[in-house]
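In: okay, sequence plus prediction incoming.
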Amino acid sequence: MKEVSRDPEILGGTPVFAGTRVPVKTLFDHLMGGDRLDEFLEDFPTVTEAQALAVLKAAELSVEAAA
């Protein structure tokens, strides 16, 4: 997935939004904490809306495939 990158030199290989140092998990943490997507994007302006939506869509498809 081009929206996510892993590099051992960036946060020890933690999956981050491509071109940023923002861990993908941070998006899910914010949403689980009750924040809206626009609030997350405001807090992390280096993450684009397209990146966040692509990650959420991939998670949705992963859950559907597991069902």
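Out: Looks like it arrived, so ask away. Residues are numbered from 1 along each chain as shown.
In: only C-alpha atoms for contact and neighbour calcs from this point on.
Out: Noted.
In: for the residue nearest the centre of the chain, what are its contacts?
Out: Most central in the chain under Cα atoms, centre = their mean is residue 24, positioned 3.2 Å from the mean C-alpha point. Contacts here follow Cα atoms under 8 Å, 6 or more residues apart in numbering; on that basis residue 24 touches 4, 15, 16, 17, 55.
In: distance of it from residue 67?
Out: With distances defined as Cα to Cα, to the nearest Å, the gap from residue 24 to residue 67 amounts to 23 Å.
In: count of residues packed around residue 37?
Out: 16 (other Cα atoms under 10 Å).
In: isn't it right up against residue 26?
Out: No - contact between residue 37 and residue 26 fails when scored by Cα atoms under 8 Å: they sit 11.5 Å apart.
In: which stretches of this structure form helices?
Out: 24-32, 37-43, 49-66 (DSSP state H).
In: deepest-packed of the ones you listed, please.
Out: The highest mean neighbour count among the helices of the chain belongs to helix 24-32 (a mean of 15), with neighbours defined as mean count of other Cα atoms under 10 Å.
In: got the CA positions of that helix in PDB?
Out: Included here for helix 24-32 are C-alpha records, laid out as PDB according to Å, rounded to 0.1, in the frame of the first residue of the first chain:
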ATOM      1  CA  VAL A  24      -0.700   4.500  11.300                       C
ATOM      2  CA  LYS A  25      -1.700   3.300  14.700                       C
ATOM      3  CA  THR A  26      -2.100   6.900  15.800                       C
ATOM      4  CA  LEU A  27      -5.100   7.300  13.400                       C
ATOM      5  CA  PHE A  28      -6.800   4.300  15.000                       C
ATOM      6  CA  ASP A  29      -6.000   5.500  18.500                       C
ATOM      7  CA  HIS A  30      -7.600   8.900  17.800                       C
ATOM      8  CA  LEU A  31     -10.700   7.400  16.200                       C
ATOM      9  CA  MET A  32     -11.100   4.900  19.100                       C
END
